[in-house]
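Undergrad: here is the input, now give the coordinates:
(one chain, ligands or ions: 2)
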Amino acid sequence: MEKNSVTLTIKFLLLQYLFVLSVAQNFDFFYFVQQWPGSYCDTKQSCCYPTTGKPAADFGIHGLWPNYNDGTYPSNCDPNNLYDQSKISDLISRMQQDWPTLACPSNSGTTFWSHEWDKHGTCSESNLDQHGYFKATLNLKSKFDLLQILQNGGINPDGGSYSLSSIKTTISNAIGYTPWIECNSDADGNNQLYQIYLCVDKSGSNLIKCPIFPNGQCASTIRFPSF
Ligand code: 5GP
Ligand code: 5GP
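TA: Ligands and ions are numbered 1, 2, ... in the order given. Have a look, this model is predicted:
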């Protein structure tokens with residue numbers, strides 16, 4: 001090779017390396033976050049059911065979020081690989097079932113799913129492409145049935161109040177790891193179970209002990225509203 005083309009090749013490789021660095025953000029683990037629809041909908045802000053109908057009375061997926069061990073997280077990592085629903089057409093009926101949107105105005109779910117992929121999913125591209133990301137998230141939901149686990153422990157979405165510690169213990173006894181619970185307030189200001197966080201390794205398939213928990217606190221006794 002002549003000198004000029006060697007220089008060109010090196011420049012090209014260097015550019016490629018820099019590009020990969022800028023896109024392939026590394027991360028340490030995922031938060032797998034599920035939301036209780038009753039607690040999304042009974043707030044002052046209320047909610048809208050998806051155009052496909054009222055979701056099941058079950059936890060729904062919120063997202064699978066790449067995180068760093070220090071509690072910070074990357075977001076919107078790749079503007080060149082935005083959500084493309086044609087890549088996941090085989091998963092859409094499962095998404096409608098297990099990842100329903102409750103935001104207004106009503107839509108089929110595309111707004112929620114594209115937000116989650118663009119903001120969070122693009123930061124895990126080094127491990128999972130778009131199809132792999134959604135499939136892994138759906139599989140986590142099927143593998144760990146939080147509502148069943150809670151109900152087996154006598155904790156039911158019946159508008160009753162439960163101690164935060166009984167909720168955490170029931171889940172950790174069943175899955176082997178302590179979850180993180182996020183609360184919000186219903187329209188009357190009562191503290192209630194809103195979201196459950198589990199930690200997942202970078203492959204998107206195995207639970208791990210949470211390296212760090214998010215900030216925020218629930219009351220020691222919280223409501224579990226019906227839906
Ligand atoms: P909020 O302010 O409602 O807690 O969070 C708003 C949004 O910020 C979440 O839906 C999620 O997209 C992002 N977010 C909040 N906390 C975390 C976190 O600990 N890790 C990651 N990856 N994203 C988070
Ligand atoms: P994050 O909180 O992950 O940043 O993103 C939440 C975004 O998704 C918000 O813009 C919210 O309006 C939209 N969204 C659509 N459907 C839902 C839903 O069912 N639950 C939540 N928490 N956010 C939703």
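
Undergrad: low-confidence ranges, this protein, go.
TA: 1-25 (pLDDT under 70).

Undergrad: any chance you could map the strands in it?
TA: Assigned by DSSP state E, the chain shows strands spanning 29-35, 60-67, 160-163, 180-185, 191-200, 207-208, 221-224.

Undergrad: can you list the residues of this protein near ligand 1?
TA: Counting by CB under 6 Å from any ligand atom, the positions of the chain adjacent to ligand 1 are 31, 65-67, 73, 119-120, 214. Backbone N, C-alpha and C define where each C-beta goes, glycine included.

Undergrad: of those residues, just the buried ones, PyMOL syntax please.
TA: The buried residues among the residues of the chain next to ligand 1 can be selected in PyMOL (16 or more other CB atoms under 10 Å) with this line:
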select buried, resi 31+65+66+67+73+119+120
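
Undergrad: make TSV out of the residues of the chain next to ligand 1 and add distance to Ser163.
TA: As requested, the residues of the chain next to ligand 1 are exported to TSV (distance: CB to CB, whole Å):
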residue	distance to Ser163
Tyr31	23
Trp65	27
Pro66	32
Asn67	28
Tyr73	30
Lys119	34
His120	31
Pro214	20
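
Undergrad: up against ligand 2, what does the chain have?
TA: So the chain meets ligand 2 at 35, 40, 62-63, 101-103, 111-112, 115-116, 119 (CB under 6 Å from any ligand atom).

Undergrad: ok, and the most crowded of those residues?
TA: Ranked by the number of neighbours (other CB atoms under 10 Å), the residues of the chain next to ligand 2 place Thr101 first, at 25 neighbours.

Undergrad: these two touch, right, that one and Thr111?
TA: Yes. The pair Thr101 and Thr111 qualifies as a contact (CB atoms under 8 Å) at a distance of 6.6 Å.

Undergrad: okay, and the common contacts of the two?
TA: Taking CB atoms under 8 Å, 6 or more residues apart in numbering as the contact criterion, no residue touches both Thr101 and Thr111.

Undergrad: just list whatever residues bridge to the residue most central in space within the chain.
TA: In the chain, the residue lying closest to the centroid (CA atoms, centre = their mean) is Gly63, at 1.7 Å. Beta-bridge partners recorded for Gly63 (DSSP bridges): Val33.

Undergrad: for it, what are its contacts?
TA: 31, 33, 116, 120, 137.

Undergrad: distance of the first one from Lys209?
TA: Distance of Tyr31 to Lys209, given as CB to CB, to the nearest Å: 13 Å.

Undergrad: same deal with the fourth one?
TA: The gap separating His120 from Lys209 is 21 Å, by CB to CB.

Undergrad: hmm, back to that, turn the strands of the chain into TSV, including distance to Cys47.
TA: TSV is the format used below for the strands of the chain (distance: least, CB to CB, whole Å):
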stretch	distance to Cys47
strand 29-35	10
strand 60-67	11
strand 160-163	21
strand 180-185	12
strand 191-200	12
strand 207-208	29
strand 221-224	17
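
Undergrad: now do the helices in the chain.
TA: 3-23, 37-41, 92-98, 110-119, 130-143, 146-152, 164-175 (DSSP state H).

Undergrad: okay if I get those helices as JSON lines plus distance to Val200?
TA: What follows is the helices of the chain, written out as JSON lines (distance: least, CB to CB, whole Å):
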{"stretch": "helix 3-23", "distance to Val200": "22"}
{"stretch": "helix 37-41", "distance to Val200": "22"}
{"stretch": "helix 92-98", "distance to Val200": "16"}
{"stretch": "helix 110-119", "distance to Val200": "15"}
{"stretch": "helix 130-143", "distance to Val200": "7"}
{"stretch": "helix 146-152", "distance to Val200": "14"}
{"stretch": "helix 164-175", "distance to Val200": "11"}
